[in-house]
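Colleague: take a look and give me a structure for this.
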Amino acid sequence: MKRSRVLWALLLIGAPGWAEGANPEQFRASREILRSADGGEDLLAVTLDSKVYAATRDGLPDLRIFDEQGVEVPYLLEKVTENITRARRETCPSKVLSLKETEDGGIEVVVRLEDDVPPATGLEFHTRLVNYQRRVSVAGSNDGQEWTTLTSDALIVDYTRYMDVRNREVRLPENRFRQFRVSVAAVTDEQSSPLTELTRTLQGGTEQERIERTAILRRPFRMERIEMWREIVRSEARNDKLVDHPAVEYRCEEDPKEKATIVHVRTQREPLVGLALVTGSRNFNRAATVQVPVARGVRTEWDTVGRGIVSLLDFRGLKREGLSVSFSEQRQAEYRLLIRNEDSPPLEITGVQGRGRVYRAVFLAGPNKKYRLAYDAEEIESPRYDTAAIAAALGARNEPVVAGLGEPVAQAGQTPGILSLRSLLNNRIFLGAMVCLMVAVLGWGLYQAGRRIDNLPKE
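Modeller: Reported below is the predicted structural model:
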């Protein structure tokens, strides 16, 4: 009985701290919430920044708002959203009026939009060919007599033999034309045959002459059709607002065995959903992987959370950029970005940007009252507030008044004591001592039971 009481006492050490409400002295940092001096009864919103993320735990359980009397104020944590506009593409029905060859070896196609079809803002070539490059010019007209140049230096390409890169579209400036004259230069190209004809002349078993012939294949630029299209820009549903967070530090190393560049990235634990490269390199298209550290026992391993392609193409009229890799939301202090170079030279990396969501704490503020945001505490659990009034105010489309944050002020905070349950359960020495104590108690119990069995009367 005594031993069980001792064990229960050890397990319940620190439990009184759970029942206590939060107070400002428990937090290591606080910041003044900046609002207008004549503020009335407002719905205030405080946007969290990198300084807050760097010092708080996952899930933000150690985040509180206090008034000037030190009374805890309920708040609602929400993601900031924004209206987004997206361009949706529609096909503009059209028909070919004429097609002819030009004197310089190109072709000229005249296309007219069908009646009652809105103006076109681009066209796309549909072809089964690969490995080509063609210069395209487009002119517009309403009567087929007077033509206005819309673009004279567009480029359609397919670089399949180098990488999975192609562009078959030509974007047009805003116009009201009904007919389009599309000129494609040099529609026939020459390609060497992969087969070589070899002729050998022998005399007395000795080769006297060798002739190699390579066939040249003339390949016309065959098109299935030219499709006209237009873009419609529409405002869609609200989406999570994303902002950039520069990396605190990054370091690159080369892995010759894996043919990859490993970029080590340190952040301030912002809620990131992507990493983006800043590079001086051009014309590349490479697979990339984002990894985060995961502790498994005494070892730290790297788990993959995102995969993607980083590319930057800038060649004549072809411009395309995609330098970010997305992943599910993470709050890590360290990331690894693996870029697969294969046999290509490493990229010139000049920076790394994190891209993350924006969170804010919304609360009901009294007239002419001052508030502080407190954070960074080990033994604080997530609060359970009644936020129905705040949610109702937001649901009624009441836009909160955005308040700023002052500079952090360091506080003594609650130092985790030696009897803190959380610190004890995370302390390897304590856990080892507890295991040894339990083994000793179990061994002593078995020893006593064995003695009792030996003292039983023998029949």
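
Colleague: buried ones in stretch 170-184?
Modeller: Within stretch 170-184, the residues that qualify as buried are Val170, Leu172, Phe177, Arg178, Gln179, Phe180, Arg181, Val182, Ser183, Val184, counting by 16 or more other Cβ atoms under 10 Å. Using the backbone N, CA and C atoms, a C-beta is placed for each residue, glycine as well.

Colleague: looking at these, which are in strands?
Modeller: Using DSSP state E, the members of the buried residues of stretch 170-184 that fall in strands are Val170, Gln179, Phe180, Arg181, Val182, Ser183, Val184.

Colleague: using TSV, lay out those together with pLDDT and distance to Gly354.
Modeller: Formatted as TSV, the entries for these read as follows, by pLDDT from 0 to 100; distance: Cβ to Cβ, whole Å:
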residue	pLDDT	distance to Gly354
Val170	94	36
Gln179	96	49
Phe180	97	44
Arg181	96	48
Val182	96	44
Ser183	94	46
Val184	93	44
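
Colleague: before we move on, back to that, which one of the buried residues of stretch 170-184 is nearest Phe66?
Modeller: Sorting those by how near they are to Phe66, with Cβ to Cβ, puts Leu172 at the top with 59.3 Å.

Colleague: surely that closest one meets Val138?
Modeller: Yes. In this structure, Leu172 is within contact of Val138 by Cβ atoms under 8 Å, at 6.3 Å.

Colleague: shared neighbours of these two, which are they?
Modeller: Common neighbours of Leu172 and Val138, counting by Cβ atoms under 8 Å, 6 or more residues apart in numbering, are Leu123, Leu150, Thr151.

Colleague: for this protein, longest helix please?
Modeller: Identified as the longest helix of the chain according to DSSP state H is helix 428-455.

Colleague: what does the average pLDDT come to for it?
Modeller: Across helix 428-455, the average pLDDT comes to 72.

Colleague: picking that back up, which of the ones in strands among the buried residues of stretch 170-184 sit farthest apart?
Modeller: When those are compared pair by pair using Cβ to Cβ, the farthest-apart members prove to be Gln179 and Val184, with a separation of 16.8 Å.

Colleague: quick one: low-confidence parts of the stretch 351-459 of the chain?
Modeller: Low-confidence segments of the stretch 351-459 of the chain, defined by pLDDT under 70, span residues 413-432, 454-459.

Colleague: oh, that last question was meant for the stretch 201-350 of the chain, not what I typed.
Modeller: In the predicted model of the stretch 201-350 of the chain, residues 213-217, 236-237, 316-317 satisfy pLDDT under 70.

Colleague: let's see it at 90
Modeller: Residue ranges of the stretch 201-350 of the chain with pLDDT under 90: 201-223, 232-239, 295-300, 313-320.

Colleague: is it true that Gly144 touches Phe177?
Modeller: No. In terms of Cβ under 8 Å, Gly144 does not count as a neighbour of Phe177; the distance is 10.4 Å.

Colleague: which residue lies nearest the spatial centre of this structure?
Modeller: To find the centre residue of the chain, average its C-alpha atoms and take the closest one (Cα atoms, centre = their mean): that gives Gly274, at 1.9 Å.

Colleague: can you pull up the bridge partners for His126?
Modeller: Beta-bridge pairing of His126 under DSSP bridges involves Arg225.
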